[in-house]
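S.K.: this one's sequence-less:
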């Protein structure tokens, strides 16, 4: 019997698991995907929103501002890339001024300081590559950046090191309650727990509606992106939003924590919450809108395109806490769309404390605070590189040339508490394969390392778990079968 | 491991065919203090995975496999006692020719070179760069990655294959995968002509009955874990898909052979200026970049079709680096070389002609921007025509050449040189 089972290993589930691991109890996270951070947490804009736009008084506004405030310290403790370049919300029409002034007033109500509306001249002085047709902008100094999947993986590691079990490749199929005990029916058999927490992202609605008297309608809202190569000097320093629309914050042009440029996302409501395909129309739309901000956006710099699914709840706000109308012990954090990433540290903390209070759990006296992830080789000084090599000569072998990832780092990513099990898992933890050649050169070596470290045959190595095997058969067998 | 800087006269980045040929030429010309750094564990570069034959026809008048071709240069480099450090990745090159590299054997090393030859080769354009819509399953490989998996690791990447792009590696892999028992359903090319060598289209597609669909592209990718199929459509003259022309292919593998990109990240760090037409450095007739003493050759300079020409070009760079080290740079006049009508990516982009003494002949290399039949390659300076030669066929898939003789170079008299493809011989 678990004290609590968390459903979903995205940034919310992992932040919650990390918080709960500070309490004495038995916890599990179940995740349908073969790795953590496989849903919206791996495919979003990576922005730590300041919190100027969510409706004053909403959970979104409160948790965004609180979470964004926690983010720099959390990232430093975990060793996860974080940056604070600031942002601008660009207006290209005279009528946008009013909207921007409104956002500025809203910022004050939400407790976000330093925002102000600036004119064209100041915009172009700060960001010279912005479309000169810009009229006005809201300058948001406290807007930040985080690497969302690295954050999620690091939270999962901390939770795992402190005893939380991660049951991956395990889909939660249903919830039932009997005599004070919850049963989570999963694809690998039932789990019993005193409490359950639904953090299932875009798929959370089904589970919620099984047990709640107040049904929700979680809409899968897809966003398509272009990722551009990192260049020196960086073309834009800040995150550049456009004036928001009914469908969200609109298309942004933003640097990432690794110096790439991201264009997107679109916002399309789709029926299948797992349909992360990109479409011609969506990509064209993202580019067209991004070109309003950056008319010179250069498609030759594109290294990949992707899409992610936000879990939009029709009511528009986060739904966090006890599941309404359900028996005791059912909790949830659902409808966590933007600014969910920014709010994640706050949601994890508040909800974790609440669940622990409900379960009457004491402190985990053997809790070990996270050790920050080591600095990546690519970001080290020569002296640091020499030292790293002294300690581990596998820092001398570059596996991924585009992102300068070493063999030592790939091996460690596989050996982490919630370690990489696939090419994509290695990519998200080390950046090997995330650069301009997209794994063309390094994937064969990474496959060998996965095979070696996991003790499986090369043909069993997958791109992303499940059916995604990279190879079909050794040559001699392929020839024999025909 | 020491922190001291290692002085060296000539440092060559890369021990593929370009780096080896350059180092051999430099050492033969008397550069005794040189080192070649290679990131892979063996010298030879991409040739090591090219186990098909057809290499060396021009240079050796023999048909060699890739490894056989590479082996000749590797032996020569050994004979000349050229130090080639493998497993060594160059991390940066500065404008001042300070080179930082790392290896498992020796850790971090910093070299101070007097001259550098950049011979890093090229990389394949990945799927992401084309923004092909659809899912992102396993089973999509660049042709070179698939080649490495089959020829080096001994594994088949899949059984039912569609190839996008008709670059040479894709064509070679169509044949290779077929011979290993896979079904290659089609080779799909966006342009109305192939970007591969004609001999490869015949020997790798036609001989195996694999259809080549020109003016077609992949418009959708399907499958969640592993690739399950692709949709191919015809494109119009604007290269946009024409609705209603879709063909569905059930396949577990999509190979991409959609272009090679000179790998110049190190060059950029050194302050080397790149040409938008070639993606490689802007060089003079000695293959020297805008940074004095930094030379460039092979596929990092511009993507070649044939290794024979890589070797020839790189030997030139090696000899030029030797001369630079021995004699410095004599006074010269700079003459730009311009891409004219129908011409893309002429290398070199400028001629540094000595003020004194006889200039040496220069081979210009370029690609036509489309297929031309029965046209003239014309070299001119202002309104003076220096050369106009008839060519029966010019295609973007095959690099074209024209030779500037010492007489023509003298006749330039300081004006810019233009390369044009014209329907008629100019008057």
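M.R.: The structure has been received and is ready for your questions. Here the structure is a predicted model, which means the values were calculated and not measured.
S.K.: My read is that residue B:184 contacts residue B:161, right?
M.R.: Yes. Distance between residue B:184 and residue B:161: 4.7 Å, which falls inside the contact criterion (C-beta atoms under 8 Å). For glycine as for every other residue, the C-beta is placed from the backbone atoms N, C-alpha and C.
S.K.: So if I had to pick from the two, which one is more boxed in?
M.R.: In terms of neighbours (other C-beta atoms under 10 Å in any protein chain shown), residue B:161 is the more surrounded of residue B:184 and residue B:161; the figures are 28 against 25.
S.K.: So the more buried one versus residue A:6, what's the distance?
M.R.: When C-beta to C-beta, to the nearest Å is the yardstick, residue B:161 and residue A:6 sit 42 Å from each other.
S.K.: By mean pLDDT, point me to the weakest helix or strand of the chain.
M.R.: By default, I'm working from chain A. helix A:475-481 (a mean of 64; mean pLDDT, DSSP states H and E).
S.K.: Sorry, I should have been clearer: chain B.
M.R.: Least confident element among the helices and strands of chain B, by mean pLDDT, DSSP H and E: helix B:127-130 (a mean of 88).
S.K.: Which secondary structure elements does that one sit against?
M.R.: When contacts are defined as 3 or more C-beta pairs under 8 Å, 6 or more residues apart in numbering or on different chains; DSSP states H and E, helix B:127-130 sits against strand A:302-313, strand B:253-256.
S.K.: Spell out whether the first one and chain B are in contact.
M.R.: What it means is strand A:302-313. Yes. Strand A:302-313 comes into contact with chain B (C-beta under 8 Å from any C-beta of the partner chain), by way of A:302, A:303, A:304, A:305, A:306.
S.K.: Please identify which of those is nearest to chain B.
M.R.: residue A:304 (2.9 Å; C-beta to the nearest C-beta).
S.K.: Check the contact between that closest one and residue A:229; I expect there is one.
M.R.: No. With contacts defined as C-beta under 8 Å, residue A:304 does not count as touching residue A:229, sitting 9.8 Å away.
S.K.: When those two are compared, which one has more neighbours?
M.R.: With neighbours defined as other C-beta under 10 Å, residue A:304 and residue A:229 compare such that residue A:304 has more, 22 against 18.
S.K.: Mind listing the shared neighbours of residue B:184 and residue B:161?
M.R.: B:174, B:177 (C-beta atoms under 8 Å, 6 or more residues apart in numbering or on different chains).
S.K.: Domain parsing of the chain, as residue ranges.
M.R.: Here I'm looking at chain A. Chain A breaks down by automatic domain parsing into domains covering A:1-82+A:145-217+A:314-373, A:83-144+A:221-309, A:377-481.
S.K.: meant chain B, my bad for not saying
M.R.: Under automatic domain parsing, the residue ranges defining each domain of chain B are B:1-124+B:260-329, B:126-258, B:332-427.
S.K.: Correct me if wrong, but residue B:337 is in a strand.
M.R.: Yes. The assignment for residue B:337 by DSSP: H, G, I helix; E, B strand; the rest coil puts it in a strand.
S.K.: Now it. Nearest residue, chain neighbours left out?
M.R.: Beyond its immediate neighbours in the sequence, the residue positioned closest to residue B:337 (C-beta to C-beta, 6 or more residues apart in numbering or on different chains) is residue B:417, lying 4.8 Å away.
S.K.: For beta bridges, what are the partners of the one you found?
M.R.: Each beta-bridge partner of residue B:417 is listed here: residue B:337, residue B:381, as defined by DSSP bridges.
S.K.: what pLDDT does it get?
M.R.: The pLDDT attached to residue B:417 in the predicted structure is 96.
S.K.: neighbours of it, just the number please.
M.R.: Applying other C-beta under 10 Å, I find that residue B:417 has 23 neighbouring residues.
S.K.: Might one say that it is in contact with residue B:351?
M.R.: Yes. In this structure residue B:417 lies within contact range of residue B:351 using C-beta under 8 Å: 6.9 Å.
S.K.: Helices of the stretch 301-427 of chain B, start to end?
M.R.: Counting by DSSP state H, counting those that start in this stretch, the segments of the stretch 301-427 of chain B that form helices are B:307-327, B:406-412.
S.K.: The last one - contacts with which helices or strands?
M.R.: Using 3+ C-beta pairs under 8 Å, 6+ apart as the contact test, the elements touching helix B:406-412 are strand B:350-354, strand B:372-381, strand B:384-394.
S.K.: Could you list the buried residues of it?
M.R.: Within helix B:406-412, the residues that count as buried by 16 or more other C-beta atoms under 10 Å in any protein chain shown are B:408, B:409, B:412.
S.K.: what sits against the first one?
M.R.: Think residue B:408. Residue B:408 touches B:379, B:386, B:387, counting by C-beta under 8 Å, 6+ apart.
S.K.: give me that answer again for 10 Å
M.R.: With C-beta atoms under 10 Å, 6 or more residues apart in numbering or on different chains as the criterion, the residues that contact residue B:408 are B:359, B:361, B:362, B:379, B:381, B:386, B:387, B:402, B:417.
S.K.: which one is residue B:282 nearest to, not counting chain neighbours?
M.R.: Here the nearest residue to residue B:282 in space, its sequence neighbours aside, is residue B:349; by C-beta to C-beta, 6+ apart that works out to 4.5 Å.
S.K.: re earlier: mutual contacts of residue B:417 and residue B:351, please.
M.R.: B:335, B:336, B:337, B:362, B:364, B:404, B:409.
S.K.: Any of the residues you listed buried? List them.
M.R.: Neighbour-count burial (16+ other C-beta under 10 Å) is assigned, among these, to B:335, B:337, B:362, B:364, B:404, B:409.
S.K.: And what about residue B:91, helix, strand or coil?
M.R.: Residue B:91, by the three-state scheme (three-state DSSP), is strand.
S.K.: doesn't residue A:382 make contact with it?
M.R.: Yes. Contact between residue B:91 and residue A:382 holds when scored by C-beta atoms under 10 Å: they sit 9.2 Å apart.
S.K.: In terms of neighbours, single out the busier of the two.
M.R.: Between residue B:91 and residue A:382, counted using other C-beta under 10 Å, the more crowded position is residue B:91 (20 against 14).
S.K.: which residues touch the nearest residue in space to the more buried one that is not next to it in sequence?
M.R.: Beyond its immediate neighbours in the sequence, the residue positioned closest to residue B:91 (C-beta to C-beta, 6+ apart) is residue B:100, lying 4.7 Å away. Residues in contact with residue B:100, defined by C-beta under 10 Å, 6+ apart, are A:382, A:385, B:5, B:89-94, B:108-111, B:269.
S.K.: How about residue A:275?
M.R.: The contact partners of residue A:275, by C-beta under 10 Å, 6+ apart, come to A:220, A:222, A:307, A:309, B:135, B:224.
S.K.: quick one on the thing from earlier: mind checking what helix or strand follows the least confident helix or strand of chain B in sequence?
M.R.: Elements were assigned by DSSP states H and E; along the chain past helix B:127-130, the next helix or strand is strand B:140-142.
S.K.: Buried ones in the next helix or strand after that next one, by neighbour count?
M.R.: Scanning forward in sequence from strand B:140-142, with DSSP H and E defining helices and strands, the next element found is helix B:143-148. Along helix B:143-148, the positions that meet the burial threshold by neighbour count (16+ other C-beta under 10 Å) are B:143, B:144, B:145, B:146, B:147, B:148.
S.K.: And for stretch A:371-381?
M.R.: Of the residues in stretch A:371-381, those scored as buried under the neighbour-count criterion (16+ other C-beta under 10 Å) are A:373, A:376, A:377, A:378, A:380.
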